[in-house]
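>>> Sequence first, then the predicted structure, then my questions.
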Amino acid sequence: RWSAAGSGAETWSNGEVTSLTLLVHLAGHGDQFYAQMAAENHMDRLQVEVVKLNDELAEILNEADYMKEKEVRFHRKAERVNLAAIWWPILQIAILVLTAAFQVQSLKSYFQTRSLY
């Protein structure tokens, strides 16, 4: 995951360009953290690498969980859109049939009152 330590954009005002710097760093632990942990816990290089791999695995699993949740939300939204796409034409057809029935009734009534039928 990415986190911003600053903000960045380019803005134009009165013909002048002002740019801000965007500082981006990966969330997680750097080499300094692992070196300090190794010194505090008396770990050898292999143990530190195992801890690093475990941390990377945890980040990958968190990202996979996030993507799964994102896919579930997308699927729900697609299902709602699909349902709307199914019912909208049915509603249009129902309105069309009701309008046609009303027009037929009105014409029939008109011709009967004028004795044209």
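Cool, got the structure.
>>> Could you tell me how far L61 is located from I95?
51 Å (Cβ to Cβ, to the nearest Å). No exception for glycine: its C-beta is placed from N, CA and C like everyone else's.
>>> Oh, that last question was meant for L107, not what I typed.
To I95, L107 is 19 Å away according to Cβ to Cβ.
>>> same thing with H42?
78 Å.
>>> just checking, what packs against the strand or helix carrying E56?
Using DSSP states H and E, E56 maps to helix 45-113. Counting contacts by 3 or more Cβ pairs under 8 Å, 6 or more residues apart in numbering; DSSP states H and E, helix 45-113 packs against helix 31-41.
>>> tell me the angle of the helix it packs on relative to helix 45-113?
Put simply, helix 31-41 runs at 130 degrees to helix 45-113, going by axes from the mean of the first three to the mean of the last three Cα atoms, to 10 degrees.
>>> If you count neighbours, what's buried in helix 31-41?
For helix 31-41, a neighbour-count test (16 or more other Cβ atoms under 10 Å) marks Y34 as buried.
>>> next one: stretch 63-82
Buried-residue list, stretch 63-82, by 16+ other Cβ under 10 Å: empty.
>>> Distance check, G30 against A101.
74 Å.
>>> where's the helix holding E56 relative to the chain centroid, distance-wise?
With Cα atoms, centre = their mean, to the nearest Å as the basis, helix 45-113 stands 13 Å off its chain's centre.
>>> I'd like the average pLDDT over that helix.
Across helix 45-113, pLDDT averages out at 95.
>>> hmm, back to that, who has more neighbours out of H42 and I95?
I95 (10 against 7; other Cβ atoms under 10 Å).
>>> quick one: contacts for that one?
If you count contacts by Cβ atoms under 8 Å, 6 or more residues apart in numbering, I95 has none.
>>> what's the spacing between it and I86?
The spacing between I95 and I86, counted by Cβ to Cβ, is 16 Å.
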